[in-house]
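Enquirer: The amino acid sequence is not available; the structure is as follows:
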């Protein structure tokens, strides 16, 4: 199987991404979206600013969103610059990154037909490509995300290293997502240390054979 | 229409409205931009207020009720891509606000529980009970605040399809104008 990666640029592409994300998130978690307002207690979420699209032939098979500012972990996860700075210091990183310059991967959705195909964890890894997360950034940003514990394993499946920031506060919007046994946390990724080169340097736009990562049987 | 199930106080429509508006909305559009629920409700209310002397009041009441119905369709449609139809019909003495959509089984079950209770019990008591049970308040709130009757018809699904629910709120014109 081959996957064609593109960053949504045309209005119709953004609309398709939003519809796929909206459909899945609403059905699964009862969440709705808005461009100009949010209220996590009323289950209204802010839209990501950009989307990475994965096509199998002409079918939109996977989408990942990206916040390029006002990230979810800072607005709702209450992660501040000092906490990020502390993680950088622990990692022995000094000066390569500005703690306040963060982007966030979010709202990963796989088309229902391809669920459990292994595409999800791989697409998360693809979304760490600098061609996506660093697009139009004055300097390489840090990457954050927030997920439940079970999802963290999927993020790490293809070698992405995650650094725990702090537990995510409770909001009604996550009532069908997180649980006591599956808590939700904010994480940091330091791209040059934590993202394997194969993903960091991935060509976007571009078409990529999935066999080397998923096995030839797919 | 013999298969139609009536739930709660479903106000039958008089023959011909004096004034009406009907719109088709696709639930996925609402899910992806929640503000559209309010936009549709405001637009439909704005369109209809010329049939009322106390326009500001009518606008606020019609918009509030319509918003509840449109949000209902957005939240509980079985398939977010199947269109729903929203309407307001002014029959002179009575105003009917309605949403018709393919509903999930869970939503039909919830209406089957709520609407008969709302038709027979005091709306304030129903509202208090649902508040205590932390269950959906919107329809009970409309019944309580606007002395509205709320009913629905459920049309069974064709093979493989979903039931179509027509949720109708009836209010006296005097209540719309808060006279």
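Expert: Happy to help now that I have it. Bear in mind the structure is a predicted one, so any value in this text is a computation, not a measurement.
Enquirer: longest helix of the chain?
Expert: Picked chain A for this. helix A:11-29 (DSSP state H).
Enquirer: actually chain B
Expert: Max-length helix for chain B by DSSP H is helix B:55-76.
Enquirer: any idea which helix or strand comes after it?
Expert: Sequence order places strand B:84-90 as the next helix or strand after helix B:55-76, per DSSP states H and E.
Enquirer: quick one on the thing from earlier: pairing partners for whichever helix or strand comes after the longest helix of chain A, with directions?
Expert: Using DSSP H and E, the next helix or strand after helix A:11-29 towards the C-terminus is strand A:32-34. Strand A:32-34 has the following sheet partners, assigned by DSSP bridges: strand A:44-46 (parallel).
Enquirer: Who are the packing partners of the longest helix of chain B?
Expert: Secondary-structure packing of helix B:55-76 (3 or more C-beta pairs under 8 Å, 6 or more residues apart in numbering or on different chains; DSSP states H and E): helix B:27-32, helix B:35-48, strand B:84-90, strand B:94-102, helix B:138-146, strand B:164-172, helix B:173-176. All C-beta atoms are positioned from the backbone trio N, CA, C, and that covers glycine.
Enquirer: what pLDDT, on average, does the last one get?
Expert: By that I understand helix B:173-176. Helix B:173-176 carries an average pLDDT of 94.
Enquirer: The stretch of helix or strand residue A:104 belongs to packs against which elements?
Expert: Using DSSP H and E, the element containing residue A:104 is strand A:102-110. On a contact count with 3+ C-beta pairs under 8 Å, 6+ apart, strand A:102-110 meets helix A:11-29, strand A:59-67, helix A:72-75, helix A:119-127, strand A:142-148.
Enquirer: Relative to the whole chain's centre, how far out is the fourth one?
Expert: Using C-alpha atoms, centre = their mean, to the nearest Å, the distance from the centre of helix A:119-127 to the centre of the chain it belongs to is 9 Å.
Enquirer: Check the last one too.
Expert: Between the centre of strand A:142-148 and the centre of its host chain there is 7 Å, according to C-alpha atoms, centre = their mean.
Enquirer: Could you pull out the buried residues of the helix or strand following that strand?
Expert: For strand A:142-148, the following helix or strand on the C-terminal side (DSSP H and E) is helix A:149-156. Within helix A:149-156, the residues that count as buried by 16 or more other C-beta atoms under 10 Å in any protein chain shown are A:151, A:152, A:154, A:155, A:156.
Enquirer: Give me the distance between the third one and chain B.
Expert: Spelled out, that is residue A:154. Separation of residue A:154 from chain B (C-beta to the nearest C-beta, to the nearest Å): 25 Å.
Enquirer: Now do the contacts for that residue.
Expert: For residue A:154, the contacting residues are A:120, A:121, A:124, by C-beta atoms under 8 Å, 6 or more residues apart in numbering or on different chains.
Enquirer: Next: the second one.
Expert: By C-beta under 8 Å, 6+ apart, the residues touching residue A:152 are A:162, A:185, A:187.
Enquirer: Including pLDDT, neighbour count and distance to residue B:170, could these go into TSV?
Expert: TSV is the format used below for the contacts of residue A:152 (pLDDT from 0 to 100; neighbours: other C-beta atoms under 10 Å in any protein chain shown; distance: C-beta to C-beta, whole Å):
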residue	pLDDT	neighbour count	distance to residue B:170
A:162	96	18	55
A:185	96	19	50
A:187	96	26	52
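Enquirer: ok, for whatever residue of chain B ends up closest to chain A, nearest residue in space, not its chain neighbours?
Expert: For chain B and chain A, the shortest gap (C-beta to the nearest C-beta) falls at residue B:32, measuring 4.0 Å. Nearest residue to residue B:32, sequence neighbours excluded (C-beta to C-beta, 6 or more residues apart in numbering or on different chains): residue A:22, at 4.0 Å.
Enquirer: got it, and residue B:5?
Expert: Using C-beta to C-beta, 6+ apart and skipping the chain neighbours, the partner closest in space to residue B:5 is residue B:154 (4.4 Å).
Enquirer: if we can go back for a sec, for the helices and strands packed on helix B:55-76, give me CSV that also has distance to residue B:127.
Expert: What follows is the helices and strands packed on helix B:55-76, written out as CSV (distance: least, C-beta to C-beta, whole Å):
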stretch, distance to residue B:127
helix B:27-32, 25
helix B:35-48, 21
strand B:84-90, 24
strand B:94-102, 19
helix B:138-146, 4
strand B:164-172, 15
helix B:173-176, 17
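Enquirer: Comparing those by mean pLDDT, which bottoms out?
Expert: helix B:138-146 (a mean of 85).
Enquirer: by contact count, what packs against that helix?
Expert: Helix B:138-146 packs on helix B:55-76, helix B:105-120, helix B:123-133, strand B:149-155, strand B:164-172, going by 3+ C-beta pairs under 8 Å, 6+ apart.
Enquirer: chain center to it: distance?
Expert: Worked out by C-alpha atoms, centre = their mean, helix B:138-146 lies 11 Å from the chain centre.
Enquirer: In that helix, which of the residues would be classed as buried?
Expert: Those would be B:138, B:139, B:140, B:141, B:142, B:143, B:144, B:146, for helix B:138-146 by 16+ other C-beta under 10 Å.
Enquirer: Quick one: name the residues of chain B near chain A.
Expert: Along chain B, the residues adjacent to chain A under the rule C-beta under 8 Å from any C-beta of the partner chain are B:28, B:30, B:31, B:32, B:33, B:34, B:35, B:74, B:75, B:80, B:81.
Enquirer: Can you classify residue A:96 as helix, strand or coil?
Expert: coil (DSSP: H, G, I helix; E, B strand; the rest coil).
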